[in-house]
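In: A predicted structure for the sequence below; I have some questions about it.
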Amino acid sequence: GQSLEQPSEVTAVEGAIVQINCTYQTSGFYGLSWYQQHDGGAPTFLSYNALDGLEETGRFSSFLSRSDSYGYLLLQELQMKDSASYFCAVNTGFQKLVFGTGTRLLVSP
Amino acid sequence: DAEITQSPRHKITETGRQVTLACHQTWNHNNMFWYRQDLGHGLRLIHYSYGVQDTNKGEVSDGYSVSRSNTEDLPLTLESAASSQTSVYFCASSPGTGDQEQYFGPGTRLTVT
């Protein structure tokens, strides 16, 4: 089967740093994506890692270790607007995505 | 500006009826995808297409069909709606090149009574 595990909820305060982990077990692996989704909204793309290592995009960074079947999303200088759900997704080939069940991030003042 | 739209945004239908959800993108993307989102399951792939006349089954395709007669549209049809198909449906598209980003539509909330 295919499974992606991520925490269901994470809480943090404004200005803090938070890490959302994702472990995966899939029948194929070409890369790990992260998407953000605000309540009632559509998922929006944050990052993609095909190779091991850290990718940085502004306040957000994403890390991948293929040997450990593990990745994480790092959010720095948290803002209230970062309160949302975050999904990891494995590209199993030709952009077919298998999504995790999502992590709800709550940022408090 | 290029965009991806879905219609209707909300739909209530009865068990057994045929329902079609529309998805239209103006980016000229080759790849299009349909997902459903349910609490506790994240997004699950229903059907996808890599170009005109190409359609493929995803992880949860039973009870659904799609057709791709042009680049812009990928309508999703529920042949005989069931209560288990009550969900939020998202359409997405991507260029099909090295760009891994999928661009999602605003979603359709479907209730089957």
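Out: Ah, there it is.

In: what residues does chain A put near chain B?
Out: A:2, A:4, A:31, A:33, A:41-45, A:48, A:50, A:87, A:89, A:91, A:94-102 (Cβ under 8 Å from any Cβ of the partner chain). Yep, even glycine has a C-beta here, placed from its N, CA and C like the rest.

In: let's see it at 7 Å
Out: Contact residues, chain A versus chain B (Cβ under 7 Å from any Cβ of the partner chain): A:31, A:33, A:42-43, A:45, A:48, A:87, A:91, A:95-97, A:99-102.

In: three-state assignment of A:Lys81?
Out: Secondary structure, DSSP: H, G, I helix; E, B strand; the rest coil: A:Lys81 is helix.

In: report the separation between it and chain B.
Out: Between A:Lys81 and chain B the computed distance is 19 Å (Cβ to the nearest Cβ, to the nearest Å).

In: neighbours of that residue, how many?
Out: For A:Lys81, the count of nearby residues is 8 (other Cβ atoms under 10 Å in any protein chain shown).

In: try A:Arg59
Out: There are 13 residues near A:Arg59, going by other Cβ under 10 Å.

In: phi and psi next, for the closest residue to it other than its chain neighbours.
Out: Nearest in space to A:Arg59, with sequence neighbours left out and distances taken as Cβ to Cβ, 6 or more residues apart in numbering or on different chains, is A:Gln76 at 4.9 Å. Backbone geometry at A:Gln76, expressed as degrees, to the nearest 10, gives phi -110, psi 160.

In: residues contacting the residue nearest the centre of chain B?
Out: In chain B, the C-alpha nearest the mean C-alpha coordinate belongs to B:Trp34, at 3.0 Å (Cα atoms, centre = their mean). Shown in contact with B:Trp34 (Cβ atoms under 7 Å, 6 or more residues apart in numbering or on different chains): B:46-47, B:66, B:74, B:76, B:89, B:91.

In: just say helix, strand or coil for it.
Out: Applying three-state DSSP: B:Trp34 is strand.

In: partner residues bridging it?
Out: Taking DSSP bridges as the rule, B:Trp34 bridges to B:His47, B:Cys91.

In: what about the residue lying farthest from the centre of chain B, which SS state?
Out: What lies farthest from the middle of chain B is B:Gly98; by Cα atoms, centre = their mean that is 22.4 Å. Judged by three-state DSSP, the three-state class of B:Gly98 is coil.

In: and the strands in chain B?
Out: B:4-7, B:10-13, B:19-25, B:31-38, B:42-51, B:54-57, B:64-66, B:76-78, B:87-94, B:103-104, B:108-112 (DSSP state E).

In: adding distance to A:Asp82 and mean pLDDT, write those strands out as a markdown table.
Out: Shown next, in a markdown table, are those (distance: least, Cβ to Cβ, whole Å; pLDDT from 0 to 100):
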| stretch | distance to A:Asp82 | mean pLDDT |
| --- | --- | --- |
| strand B:4-7 | 24 | 98 |
| strand B:10-13 | 28 | 98 |
| strand B:19-25 | 28 | 98 |
| strand B:31-38 | 20 | 97 |
| strand B:42-51 | 19 | 96 |
| strand B:54-57 | 35 | 97 |
| strand B:64-66 | 34 | 98 |
| strand B:76-78 | 32 | 98 |
| strand B:87-94 | 21 | 98 |
| strand B:103-104 | 19 | 96 |
| strand B:108-112 | 25 | 98 |
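
In: for B:Pro95, which non-adjacent residue is closest in space?
Out: B:His29 (5.3 Å).
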